[in-house]
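S.K.: When you get a sec, could you give me coordinates for this:
(one chain, ligands or ions: 1)
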Amino acid sequence: MSIYQKYDLKQIINASGKMTVLGGSAVDESVARAMFEAAQDYVDIQELMVKAGEIIAKVTTAEDGCPTVGAAAGIAISTAALIVGTNLSLIEQLPHSDGLKNEIIIQKGHLVNFGAPIAQMIRLGGGKIVEVGQVNHVAKDHILDAISEKTAAIFYVKSHHTVQKGMLSTAEVIEIGREKNIPVVIDAAAEEDVKPYIQQGANLVIFSGSKALNGPTSGFICGQKELIEACRMQYKGIGRAMKVGKEQIMGLITALETKKDEAKNVQEQLQKAQWIVEQFKNIPGVSASVVPDEAGRKIFRAQLKFDEQKLKISTYEIIKQLEEGEPAIFTRNYYANLGMISIDLRPLLPGQEKIVVNRLKEILKVQ
Ligand SMILES: *Cc1c(COP(=O)(O)O)cnc(C)c1O
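M.R.: Coordinates of the predicted model:
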């Protein structure tokens, strides 16, 4: 029995993704063991922060890194760092930043909600949002026209949540930043890797520890040394409300050091996805296929398309029954309106794909 069931909480099978509402990631034994050991002793937190930074730097190819409690905290802390730097009095004054260079430029199609609004995390760090362009169209000039002597940074959200067309690319925005000498921060929370953005020349990149990395509830900011130093300093200010514990930092470090190779990761997903497709091969009313991620990440999922007439059940009813069953099964339902659900293989524990397939067949009354 899992620890959650001891408290009468329902058992969950997560076939949806690295969702905060379902607990983010289930970590490997090595990560859990690091957290278990870390919790039972003391450490100089400042020293641990700096050591974690070295490890983040090594893995990401950035100059330095700063652990956070999540990517959302990373947004607030990096914004704060860009506005007040290492000035203690100003750090203590945040989130009030009137009179400071506090404007954060962001493309309109990037102002999304990831569970909470991006804009709110920026404001928490003292940022004043300057939206540019339209929801489905932003030109280089929109950014250039918005730059003023109050601009602190350009904030870029690289995410499946954002509008996927009509926005400027990371390379284009980093180029503008370089031309105008304005730092560019990239929120790459749920991407597969931060290295491409560091190599393109982003000043800071934010990442979540509990998504692609399969780490504990945690995150980090990586990038230029002096900016990361300023990020660490924010723990004397607004960062204190987002305190990252020694257990989380040790879990994060271990997840970084034992990070699975991407090719192996993809291969495991493809194998499971193909197995699921096989199970629905001769079932009338269901067409199954392996599909790549809609936002271009190296993720492959099993997608099931239902012929609702033939099966005499709606896709929403299928989802409802999956979620109300025991265990409760959560699939990826962004295309439910088109009669489709996807099964994300990454968060499944060993063997759970069989439970998902059996339950689906039971609901569809097929064999
Ligand atoms: C998930 C997500 C976040 C928040 O990450 P946490 O680690 O859960 O705090 C921020 N930005 C984007 C784009 C995300 O997808």
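S.K.: For the residue in the stretch 201-350 of the chain that the ligand sits nearest to, give me its contacts.
M.R.: When distances are taken as Cβ to the nearest ligand atom, the stretch 201-350 of the chain reaches nearest to the ligand at residue 208, 3.3 Å away. In short, each C-beta sits where N, CA and C put it, glycine included. By Cβ atoms under 8 Å, 6 or more residues apart in numbering, the contact list for residue 208 reads 18, 70-71, 189-190, 218-219.
S.K.: Could you tell me the per-residue confidence at it?
M.R.: For residue 208, the pLDDT comes out at 98.
S.K.: So that it lines up with my notes, have the first residue be 29 from now on.
M.R.: Okay, using 29 as the starting number, the last item reads as residue 236.
S.K.: measure it to residue 180 for me?
M.R.: Residue 236 is 23 Å from residue 180, where distance means Cβ to Cβ, to the nearest Å.
S.K.: swap in residue 81?
M.R.: Taking Cβ to Cβ, one finds residue 81 at 22 Å from residue 180.
S.K.: higher neighbour count, these two?
M.R.: Comparing residue 81 with residue 180 by other Cβ atoms under 10 Å, the one with more neighbours is residue 180, at 27 against 24.
S.K.: a helix runs through the more buried one, doesn't it?
M.R.: No - according to DSSP: H, G, I helix; E, B strand; the rest coil, residue 180 belongs to no helix; its state is strand.
S.K.: and the stretch 79-228 of the chain, which residues reach the ligand?
M.R.: Selection of the stretch 79-228 of the chain residues close to the ligand by Cβ under 6 Å from any ligand atom yields 98-100, 142, 185, 187, 189, 215, 217-218.
S.K.: So which of those residues is surrounded by the most neighbours?
M.R.: residue 215 (32 neighbours).
S.K.: Tell me how many other residues crowd residue 58.
M.R.: Applying other Cβ under 10 Å, we find 12 residues neighbouring residue 58.
S.K.: Actually, residue 176.
M.R.: Neighbours of residue 176 (other Cβ under 10 Å): 10.
S.K.: Next: residue 40.
M.R.: Neighbours around residue 40, by other Cβ under 10 Å: 18.
S.K.: Please report how far it lies from residue 372.
M.R.: From residue 40 to residue 372 the distance is 13 Å (Cβ to Cβ).
S.K.: Could you find the closest non-adjacent residue to the residue of the chain most remote from its centre?
M.R.: No residue in the chain sits farther from the centre than residue 338, which is 37.8 Å out by Cα atoms, centre = their mean. Nearest residue to residue 338 in three dimensions, chain neighbours excluded: residue 313, at 3.7 Å (Cβ to Cβ, 6 or more residues apart in numbering).
S.K.: Now that neighbour: phi and psi?
M.R.: phi 90, psi -10 (degrees, to the nearest 10).
S.K.: can you pull the contacts of it?
M.R.: When contacts are counted by Cβ under 8 Å, 6+ apart, residue 313 touches 334-335, 338-339, 392, 394.
S.K.: can you check residue 282 too?
M.R.: 58-59, 62, 243 are the contacts of residue 282 under Cβ under 8 Å, 6+ apart.
S.K.: Ok, residue 165 next?
M.R.: residue 194 are the contacts of residue 165 under Cβ under 8 Å, 6+ apart.
S.K.: where do the helices sit along the stretch 79-228 of the chain?
M.R.: 99-112, 116-121, 146-152, 168-174, 198-208, 223-228 (DSSP state H, counting those that start in this stretch).
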